[in-house]
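Colleague: What follows is a predicted structure for the sequence shown.
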Amino acid sequence: MSVSQNDNPFYCSCDRCSAVIKEENAPSGPLIRFINAVADTFPDKEISTLAYQFSRKAPAITKPRKNVQVMLCTIELNRSKAIAEDPGSASFVKDIKTGPLSRIIFSCGTTL
Ligand SMILES: [Zn+2]
């Protein structure tokens, strides 16, 4: 089962979500908490989610459940350069090194 953010850079800014975002130090906080609730409802299912744009930075407190697979997307990278050689990819590399262990790299991108 796949549950992901809307495919745009906008996240909810209602009072409840804003409070969670502040607590988690990341806009992915409300999303991961919601996905964890789905995972708790369906403990015998694997729940996958995409992490990109505002959901790329992992929440500070909440960790994905064991049955949640977070796929870190490369859509934001400069596909014409190696990740290690592109300064614009530095934050992506940091997210790979500091994100939850369950993360999977999912290569998706556009060509011009
Ligand atoms: Zn909200």
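Modeller: Arrived safely, thanks for sending. Everything quoted here is computed from the prediction, not taken from an experiment.
Colleague: Partner strands of the lowest-mean-pLDDT helix or strand in the chain and their direction?
Modeller: Least confident element among the helices and strands of the chain, by mean pLDDT, DSSP states H and E: strand 104-106 (a mean of 71). Strand 104-106 pairs in its sheet with strand 68-73 (parallel), by DSSP bridges.
Colleague: Name the residues that touch the strand it pairs with?
Modeller: For strand 68-73, the external contacting residues (Cβ atoms under 8 Å, 6 or more residues apart in numbering) are 32, 35-36, 39, 46-52, 56, 58, 64, 92, 95-96, 99-100, 102-108. Every residue, glycine included, has its C-beta placed from N, CA and C.
Colleague: run the last query once more with 10 Å
Modeller: Strand 68-73 has contacts (Cβ atoms under 10 Å, 6 or more residues apart in numbering) with 2-4, 28, 32, 35-36, 38-40, 46-53, 55-56, 58, 63-64, 92, 95-96, 99-109.
Colleague: Would you mind identifying the next helix or strand past it?
Modeller: Note on strand 68-73: by DSSP states H and E, the next helix or strand toward the C-terminus is helix 90-98.
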